[in-house]
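**Q** Test case, fold it:
(2 chains)
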Amino acid sequence: MLAWTIYISFLGALALFLLPARRAAWARIVALLTTLVTFAIALKAFIDHRTGEMLPVVHIPWVPSLGITFTLKADGISLTLLLLTGVIGVCGVLFSWNIEERIKEFFGFYLLLIGAVYGVFLSYDLFLLFVFYEIVVIPKYFLIAIWGSTRREYAAMKLVLYSFIGSAMVLIGLIAAYVVAGSKSMSLGDLAGYPFPAHFQMWAFPLVFAGFGILAGLWPFHTWAPTGHVAAPTATSMLLAGVVMKLGAYGCLRVAMTLFPLGMSSWGFHVLGFGSWRDVFAVLGVVGILYGALVALVQKDFKFVIGYSSISHMGFILLGLMTLNQIGISGAVVQMVSHGLLAGLLFAVVGRMVYARTHTRDLAALSPMHLNKVIPFAAVTFVIAGMASMGLPGFSGFVAELMIVIGVWHSYPSLIVFVGIGLIAGVAYIWRAMQQAFFTGSNTEPLQPAHPLPPITFPERLGAAILIAASVVVGTFPQLFLNVIHPALDSPLFQGLRKGGW
Amino acid sequence: MNVINFGQLLGLAWPEIIVTVTALLVVAADLLFFRRSSIRARFAGSVAIALVGCAAAIFKLVTSPVQPTTLHGVFGATPLIHLLQVAVLALTIITLLLAVNSTFTEHVSEFVLLILLATVGMMFLVGSQDLLVLFISLELLSLSLYILAGLDKRSPRSSEAALKYFLFGGMSAAFMLYGFSLLYGFSNSTNLADLATAIQGHPLSPILIIAIVTTVVGFGFKIAAAPFHFWAPDVYQGAPIPSAAFIASGSKVASFFIFFQLMVLGFAGAEGSATWSHFQSGWVPVLVVVAIVSMVLGNLVAIVQSSLRRLLAYSAVAHAGYMLLAFVTHTQQSLAALLYYIATYSLATLGVFGVLAVTESHIGNDRIEDLAGLSRRAPFLSICLGVFLLSLAGIPPLSGFFAKFLLFTSVLAASSGSKLLLWLVILAIAMSAVSLFYYLRVLKKVYVSAPASEARPIPSPILSRVVVGLLALGVILLGCVPDLILTQILRVIQASGL
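**A** Residues are numbered from 1 along each chain as shown, chains lettered A, B, ... in the order given. Predicted coordinates:
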């Protein structure tokens, strides 16, 4: 049943491309129905499957001569992320209700992207995973280059080349692993169980981890992310920050770390204080947290603030993965969900509610507009989303970051200070953006915008409500997710990782 | 002295004879019946006859019995060679179908005749096991292609392309023949198997090294590998579309295959090794150098092209570089990968030329700039063009990706921990990341840019649409279900024992 999330999305995309031109307005309905159905399927699977262990979905031989199969499986981690994809998918359609230009193609590419994302989260065969991972690249390009804003063609090309270079690195690692293991199977389980020589893992691990990391906003390969997010249309920003960056993090955990656990063990010597690739990536994660937060603090463009905040939050995920203890890694998974929801919401406020109405994202230009009076709903939503993003208890961000910080406390106590600074800077940049965009200039005469701003529409309210509710659910009942994530981490797939140190 | 049994020769060469007779029939029919008809009707009539002939040849090939080698090892008729001949005929059929709507020449029957003669050349070429026959069939192919490139007499570009192609081709043929004469002097035979026996077990003599280098130069020209590619951009750009498509697809398939055969069968024992720790001269190091130069130069120069046809030419150089990696390991697996690669590459290239045939007849040139907004002027063709170009760039699930995957795994699998091959594969993958940039540049024009204000929808003939659509379907299908032809290729290679 779960496999239908992929098929339905692709069928929806096909239906949109075949839709007659005079019925173009139906595209929204088709897209909404498609995403709703896939969300329902993901939700049902999540509710039905409470043990979190590996759930076989489909298994068909594909290229028998090479041992490649069409295998889809889901465990607690993938189910959690599938659910996130479902939520973001629906909300993305809601927030793109105002798209008028080439609407069929827009939603067609959108559904193609969603289907491929479902595919990556479900794939158990690494060849299949890579195929879906690469399919993601092309719709992204067109979504940004055609419907984007600010320097869209440059940003789209940059994003695509970064992703493609990342996947080239992953491909080298996967082919090498496949060949070293005897060219018999591409199944994740088989390869993760194969004892690769330690010196092989030592170069394959950083290659594949960094390859996936590029898509997860790993500093210093993050520069595609802010420009890409800013140029993208709202729904695409939401998808990019919400789920596509998670693909990278998921790949790091699911492929790089399970296949090459020994790659994280000690080198046996120290260079500049680093004793292993694990140290290197942990520090890069922390640098990402600090760098993203501090750069977000000085941005003039509202959307760049959110763009850099994504880098900062993705740094938490990478750091959480590198703690190599259960609480840290589960924290990272929860943070994937949390950041997916909140980044989606923040981009929706900035891109759809503010920019689509005011046609500017310059904080200095926004402040005299008294947006808190003109579009109070946007202001309230941003305040809530901002609080959640800072890590206010009760929202998802708090739980996730708390778990990661505890994990870091066990593994890298010396880094905790920097993480703390990052958290404080996180409060600061949200506060600054919130104040400048919505709440300044109370003494001056309100500057009338050139044209009256259209009121917030129902789809926007609905989308915002869904995302906030989801964040509250994750924040108040994290057990709901941890109950499926923990058994997944205890499964044989992660055995090598557990032996490797936690 | 062996006596050649002409009855046996006749039995063996039936498919080629069928194609030759068809070629003559086409000319006769055109002279006798179509003289006064419009060019379009003449094209349709000639192509129809040619198609029947090709189909008959394919039928004959599929049903004819398999013999390992015949005529004292001059020709092979293994299942592998039959498969290659069928592939060549299939590509000829597609090329002819793409040519039906063209108007570039009044010499319709001559055009079809030349295409068919070139096809006969290719069919003999893939079957030849003897240096002399190899050279003669290669010349039959090349001479036909030179004329095909210059067939558009109204266009100075076409004549220039033909002249360049001819001069470079003549020179490389001279190189190759010189090499072959040295080989004959060395081994006292023109047979590939005898040649290998003569080479086996001896250290490399300088004569052999010269022969290897000149052979690589000669074939490097045919397959457009750098630095022997200088004819390619001009021919791709100047030649009439069906000729260019034929040069880029069918002739590449045949040349790559016979190059592989010659190297692996003829020069067995002179492979050498290009690993740093134990370098050994032979033909592998030579090909490694050619492969690296082709991959780097082809991809980097393609970035700055403003004409789609020239871009295709440089990307062909790059693809030749990837395919040469299969030569470096020369296992059964890598031969399978090479054949899969060249087949899918030919489909995609033919497809791009098919799209260009329609757009050029309306836009008047092949500048990438002028393709702006094509997705709104010709939506179906644009989708197909996207499929072809993304397949060339190696984006899954299209066949170009699977071909690359197969090729790289086969190269790594044969390497047993060799650092050099790993670096070659890394270079190839990195370069295909570069290639995505220029393919996307074309697609950006097609999908993202707005069409010029006076631009109208481009009508496309129904036949072009069907052919291009089928090609796109083929590219998608072979990527999604590679087993369709992969098992066939593997089985045939095993049966032929290469």
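
**Q** how many other residues sit next to the residue in the stretch 51-200 of chain A that chain B sits nearest to?
**A** In the stretch 51-200 of chain A, the residue found nearest to chain B is A:Val131; the distance is 4.0 Å by CB to the nearest CB. All C-beta atoms are positioned from the backbone trio N, CA, C, and that covers glycine. Residues lying near A:Val131 (other CB atoms under 10 Å in any protein chain shown) number 26.

**Q** okay but it is in contact with B:Ile395, surely?
**A** No: with contacts counted by CB atoms under 8 Å, A:Val131 stays clear of B:Ile395, the gap being 9.5 Å.

**Q** Overlap in contacts, those two.
**A** Counting by CB atoms under 8 Å, 6 or more residues apart in numbering or on different chains, the residues touching both A:Val131 and B:Ile395 are B:Phe401.

**Q** Let me know the distance separating the residue of the stretch 51-200 of chain A closest to chain B from A:Val170.
**A** Distance, A:Val131 to A:Val170, by CB to CB, to the nearest Å: 12 Å.

**Q** which non-adjacent residue is nearest the residue of the stretch 51-200 of chain A closest to chain B?
**A** Take A:Val131 and drop its neighbours on the chain: the residue closest to it by CB to CB, 6 or more residues apart in numbering or on different chains is B:Pro396, 4.0 Å away.

**Q** Okay, helices next: where are they in the stretch 151-300 of chain B?
**A** With DSSP state H, counting those that start in this stretch as the criterion, the stretch 151-300 of chain B has helices at B:156-187, B:192-199, B:206-222, B:231-238, B:241-248, B:250-261, B:283-303.

**Q** Those: lowest mean pLDDT?
**A** Mean pLDDT is lowest for helix B:192-199 out of the helices of the stretch 151-300 of chain B, coming in at a mean of 84.

**Q** which parts of that helix are buried?
**A** B:192, B:194-196, B:198-199 (16 or more other CB atoms under 10 Å in any protein chain shown).

**Q** Pass me the low-pLDDT residue ranges in the chain, would you?
**A** Reading this off chain A. Scanning chain A for pLDDT under 70 picks out the ranges A:441-451, A:500-502.

**Q** You answered for a different chain; I wanted chain B.
**A** In the predicted model of chain B, residues B:1-4, B:66-72, B:273-280, B:415-418, B:498 satisfy pLDDT under 70.

**Q** hmm, 80 instead?
**A** Counting by pLDDT under 80, chain B has low-confidence residues at B:1-12, B:34-36, B:64-77, B:103-105, B:201-204, B:268-282, B:414-421, B:453-455, B:496-498.

**Q** show me where it has strands.
**A** For chain B, the strands defined by DSSP state E occupy B:67-70, B:75-77.

**Q** just how off-centre is the shortest one within its chain?
**A** What that stands for is strand B:75-77. Offset of strand B:75-77 from its chain centre (CA atoms, centre = their mean, to the nearest Å): 20 Å.

**Q** ok so, going back, who touches the residue of the stretch 51-200 of chain A closest to chain B in this structure?
**A** A:119, B:396-397, B:401.

**Q** Residue of chain B closest to chain A, please.
**A** For chain B, CB to the nearest CB, closest residue to chain A: B:Pro396, 4.0 Å.

**Q** close enough to count as contact, that residue and B:Phe402?
**A** Yes: if you go by CB under 8 Å, B:Pro396 and B:Phe402 touch, sitting 7.3 Å apart.

**Q** rewinding a little: just the helices of the stretch 151-300 of chain B: most buried one?
**A** Ranked by mean neighbour count, the helices of the stretch 151-300 of chain B are led by helix B:241-248 with a mean of 28 (mean count of other CB atoms under 10 Å in any protein chain shown).

**Q** Packing partners of that one?
**A** Helix B:241-248 is packed against helix B:79-99, helix B:108-127, helix B:131-149, helix B:231-238, helix B:308-329, helix B:332-363, with contacts defined by 3 or more CB pairs under 8 Å, 6 or more residues apart in numbering or on different chains; DSSP states H and E.

**Q** if we go to 7 Å?
**A** On a contact count with 3 or more CB pairs under 7 Å, 6 or more residues apart in numbering or on different chains; DSSP states H and E, helix B:241-248 meets helix B:79-99, helix B:131-149, helix B:231-238, helix B:332-363.

**Q** gap between it and the chain center?
**A** 10 Å.

**Q** The stretch 351-498 of chain B: helices as residue ranges?
**A** Counting by DSSP H, counting those that start in this stretch, the stretch 351-498 of chain B has these helices, from start to end: B:374-377, B:379-393, B:399-413, B:419-443, B:462-480, B:483-496.
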